[in-house]
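Novice: build the 3D model from these lines:
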Amino acid sequence: MLLTWLYVPGDRPDRFAKAVASGADAVILDLEDAVVAGRKAYARDAVAEFLAEEHPVPVQVRVNELTGPDVDADLAAVAGRPGVAGLRLPKVESVATVTALAARVAVPLHPLVESAAGVESAYAIATAHPAVASIGLGEADLRSDLGVTDEDGLTWARGRIVVAARAAGLPPPAMSVYPNVTDADGLAASCARGRRLGFLGRAAIHPRQLPVIAEAFRPAEREVARAEELLAAVAEAQTRDSGTVVLPDGRFADRAMVAAARRTVDLAARFAA
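Specialist: Numbering: from 1, shown residues only. Okay, the predicted model is just below:
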């Protein structure tokens, strides 16, 4: 179960191996926003060289905008590289862009919604092709597009992505990056807010953010105990051919609640491993 993704500029090959060893569950080599126009070719070559072999953690690549002039070269550089675990697709707004790219590559795709048009098409994007493995928000661009000045203005869009992912049968989406690398308290509070909305994990732009993110999504002991109690009670009720059960603390439980409880238990097991 992945909880942390670490972005690394594609034109900083000196950081690639360090990122893999950072403790992040996955690494994203960025060819888009983190690389200025004059260094795109250099970044492409560096990323292609690094992905000539597999690495201990999954390594994804964020390619340039799918309707822009650089994406063809990006795809050519990473095509067939054994170290590519997936592609992050920025600024996705339509099914057509996803299906067109899926026809050209054979790796998992992770569309990022970064505009009002993309949010409105979230479910269609999430179900555009079997290669779509997740969907998420690119919040910096979305804030600009919407004229949003703080996190409260993103609440509806965040909820929309969570619903779209669930409806499409995809994993819970990970949160977008938190841009202030020195504000650990703000990051933790933001993660807690996202977790309440249904997000699971978060991308980071600096290794120091990784433990804060992981801890924010760690289930509390009481949550785990309640989830285990629910699972045991529902399992026992099934032996009696009963679809519902009332727990000792008065909570009503049924099979519909099992998925959330199982996720909590599985997430706790990840930290115990």
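Novice: what lies in contact with stretch 206-226?
Specialist: 3-4, 6, 18-19, 22-24, 178, 181, 184, 187-188, 191-192, 195, 200-202, 204, 227, 251, 261, 264-265, 267-268, 271 (Cβ atoms under 8 Å, 6 or more residues apart in numbering). Where C-beta positions appear, they are placed from N, C-alpha and C, glycine not excepted.
Novice: which of those are buried? Put it as a ChimeraX command.
Specialist: Selecting the buried subset of those in ChimeraX, with 16 or more other Cβ atoms under 10 Å as the burial test, is done by:
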select :3,4,6,19,22,24,178,187,188,191,195,200,201,202,204,227,261,264,265,267,268
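Novice: in helices only, show me the contacts of stretch 206-226.
Specialist: Using DSSP state H, the members of these that fall in helices are 18-19, 184, 187-188, 191-192, 195, 227, 261, 264-265, 267-268, 271.
Novice: spatially nearest residue to V71 (excluding sequence neighbours)?
Specialist: Once its chain neighbours are removed from consideration, V71 has its nearest residue in N64; the separation is 5.0 Å (Cβ to Cβ, 6 or more residues apart in numbering).
Novice: what about that neighbour, how many residues close to it?
Specialist: The number of residues packed around N64, counting by other Cβ atoms under 10 Å, is 26.
Novice: one more: M175?
Specialist: The number of residues near M175, taken as other Cβ under 10 Å, comes to 27.
Novice: tell me the spacing between it and V258.
Specialist: 25 Å (Cβ to Cβ, to the nearest Å).
Novice: cool, and A133?
Specialist: Taking Cβ to Cβ as the measure, A133 and V258 are separated by 24 Å.
Novice: returning to what we had before: and the residue nearest to V71, its phi and psi?
Specialist: Note on N64: its backbone torsions stand at phi -80, psi 170 [degrees, to the nearest 10].
Novice: wouldn't it be in contact with D33 here?
Specialist: No. Taking Cβ atoms under 8 Å as the definition, N64 is not a contact partner of D33, at 9.1 Å.
Novice: which residues do those two both contact?
Specialist: Joint contacts of N64 and D33 (Cβ under 8 Å, 6+ apart) are P90.
Novice: report the two of the ones in helices among the contacts of stretch 206-226 separated the most.
Specialist: Comparing every pair within the ones in helices among the contacts of stretch 206-226 by Cβ to Cβ identifies K18 and A261 as the most remote, at 37.5 Å.
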